[in-house]
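1. dropping a prediction and its sequence here:
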Amino acid sequence: MKQHFVHIACLLRVSGWLSAGEIYKKVDKEGNITFSDQPQKEAEKIEVEPVNILERQPLTPVITPVEEVAFEYSSIAITSPENDETLRNTGDITVSGTLSPSLRGDHRIEFLDNGVALQPASKSLGISLQNLDRGTHSFVMQVIDDDGKVLISSQPVNLHVHRNFIPPPPPPPPPTP
């Protein structure tokens, strides 16, 4: 069985030479078979039938259009302040949030207070605010693309700002005549 494999391996090796010319086969005293393209003593010339040669057809590339997968953010949320939190006697606070997955290169974060943008959109997940007016502020964080299209928005978070009100002093009494 082992000799058959040797014969097959040799024939495969020899098949590359077929177009080169004549093939010679020699069997030594131990039964080892040697193939060569050079004539040797006691070598037998092998008649080889012509090899079928197929012309290689040029490959035509198959280009399949790649469908662009629509990118979507999975979550966005304001983490600070907490909803319905109250500030007393101050109007300074940092509004911050989370976004998943991370912000893409051409997208920006925009913070809104009662529907009005607080500053131009940026890459920051937080914004510091000073001297907020008294009353209720409804913050929303959203991601926008280059065209200003809103891609995802957070749920609104309400913040109540309470400040002591010191009324202005009453006007002076009118002069007596």
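-> Sure, I can see it.
2. any idea which strand is longest in this protein?
-> Criterion DSSP state E: the longest strand present in the chain is strand 135-144.
3. element containing residue 147?
-> With secondary structure defined by DSSP states H and E, residue 147 is part of neither a helix nor a strand.
4. pLDDT value on it, please?
-> Here the pLDDT value assigned to residue 147 is 90.
5. list the buried residues of the longest strand of the chain.
-> 137, 139-144 (16 or more other CB atoms under 10 Å). (C-beta placed from N, C-alpha, C; glycine too.)
6. include distance to residue 60 when you put those residues into CSV, please.
-> Listed next are those as CSV, based on distance: CB to CB, whole Å:
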residue, distance to residue 60
137, 63
139, 58
140, 53
141, 51
142, 48
143, 43
144, 44
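7. quick check, nearest of the residues you listed to residue 77?
-> Comparing those against residue 77 with CB to CB places residue 141 closest, at 7.7 Å.
8. quote the end-to-end distance of stretch 88-104.
-> One end of stretch 88-104 to the other measures 37 Å (CA to CA, to the nearest Å).
9. for it, which positions count as buried?
-> Under the neighbour-count criterion of 16+ other CB under 10 Å, stretch 88-104 has 93, 95-97, 99 buried.
10. okay but residue 33 is in contact with residue 25, surely?
-> Yes. Here residue 33 reaches residue 25: they are 6.4 Å apart, a contact under CB atoms under 8 Å.
11. what about the two, which has more around it?
-> Neighbours per residue, other CB atoms under 10 Å: of residue 33 and residue 25, the larger number sits with residue 25, 15 against 12.
12. which stretches of the chain form helices?
-> Using DSSP state H, the helices of the chain run over 2-15.
13. identify the residue spatially nearest to residue 142, adjacent ones excluded.
-> residue 153 (4.2 Å; CB to CB, 6 or more residues apart in numbering).
14. now swap in residue 22 and tell me
-> Nearest one to residue 22, counting by CB to CB, 6+ apart, is residue 45 at 6.2 Å.
15. residues in contact with that neighbour?
-> 22-24, 39 (CB atoms under 8 Å, 6 or more residues apart in numbering).
16. would TSV of the residues you listed with distance to residue 66, pLDDT and neighbour count be doable?
-> Putting the contacts of residue 45 into TSV (distance: CB to CB, whole Å; pLDDT from 0 to 100; neighbours: other CB atoms under 10 Å) gives the following:
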residue	distance to residue 66	pLDDT	neighbour count
22	54	83	14
23	51	85	19
24	56	85	16
39	59	83	10
